[in-house]
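J.: Here is the input, now give the coordinates:
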Amino acid sequence: MNNQQIIEGEGGSTALQLRNGDDCFSGIFFGTPKAVVQGELGNIALFDAGHLVGYEIIRGRTRRAFLFRTVAGTGSEKVPGVYPAVELLVMARSRELSRKLIRTIGFLKRQKISVDALPELFFSRLQVILSDPRMGEATIRQLLLKCRKPIESERLSQLA
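T.: Sure, this is the predicted structure:
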């Protein structure tokens, strides 16, 4: 059974190649797969449509991180090691930006913010502020307040 058959047999899941070799590492920093199966090049994590996933790739000195939403069918953006295409929300193309993205998601989880429930506006603004050298927890708090949903407004105002 090849990787394509595994994916198709799982009802059209989004598949992420997980690797931990000398030349390449790829792994999940946000999200929980519904299943992990063995593939030709290593484990493959499977996600249903509608899940928010953080995925990082390290090859040599190059590090990239992606935050995307899985979709039913095929999305608009291709991410290396991910099949089929997904809805890309944030892409970090350097070691520093990848580190900032992963730390930001960790901060949100520690603050008990439901990252899955954040609006797309939050992620599009996060993409822009990642490159700001002054970006820190205060910047993220301000961004949360600007992008909040009415139900969460009281909880988020406590962070400020």
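J.: The closest residue to G12 other than its chain neighbours: neighbour count?
T.: In space, and not counting its chain neighbours, G12 is closest to A72: 6.9 Å by C-beta to C-beta, 6 or more residues apart in numbering. To be clear about C-beta, it is placed using only N, CA and C from the backbone, and glycine gets the same treatment. Other residues near A72 number 11, with proximity taken as other C-beta atoms under 10 Å.
J.: just T32 next, same as before
T.: As a burial measure, T32 scores 9 neighbours (other C-beta under 10 Å).
J.: now the one 3 residues further on
T.: The burial count assigned to A35 is 12, neighbours taken as other C-beta under 10 Å.
J.: hang on, isn't it packed against L46?
T.: Yes. A35 is within contact range of L46, at 4.7 Å (criterion: C-beta atoms under 8 Å).
J.: Okay, and I58 sits in which element?
T.: Using DSSP states H and E, the secondary-structure element containing I58 is strand 52-59.
J.: For that strand, which helices and strands make contact with it?
T.: Packed against strand 52-59, as judged by 3 or more C-beta pairs under 8 Å, 6 or more residues apart in numbering; DSSP states H and E, are the following elements: strand 14-17, strand 25-30, strand 62-69, helix 95-110.
J.: quick one: stretch 13-29 to chain centroid distance?
T.: 13 Å (C-alpha atoms, centre = their mean, to the nearest Å).
J.: Extract the C-alpha trace of that stretch and format it as PDB.
T.: Only the C-alpha atoms of stretch 13-29 are listed here, as PDB (Å, rounded to 0.1, in the frame of the first residue of the first chain):
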ATOM      1  CA  SER A  13      -7.600  13.200   5.100                       C
ATOM      2  CA  THR A  14      -4.800  15.800   5.000                       C
ATOM      3  CA  ALA A  15      -1.500  14.000   5.300                       C
ATOM      4  CA  LEU A  16       1.700  15.400   6.900                       C
ATOM      5  CA  GLN A  17       5.000  13.700   6.400                       C
ATOM      6  CA  LEU A  18       6.800  13.300   9.700                       C
ATOM      7  CA  ARG A  19      10.600  12.900   9.500                       C
ATOM      8  CA  ASN A  20      13.400  12.700  12.000                       C
ATOM      9  CA  GLY A  21      16.500  11.900   9.900                       C
ATOM     10  CA  ASP A  22      20.000  13.300   9.800                       C
ATOM     11  CA  ASP A  23      19.200  15.400   6.700                       C
ATOM     12  CA  CYS A  24      15.700  16.500   7.500                       C
ATOM     13  CA  PHE A  25      13.200  16.900  10.400                       C
ATOM     14  CA  SER A  26       9.600  17.700  10.000                       C
ATOM     15  CA  GLY A  27       7.000  17.700  12.800                       C
ATOM     16  CA  ILE A  28       3.900  19.200  14.200                       C
ATOM     17  CA  PHE A  29       4.000  22.000  16.800                       C
END
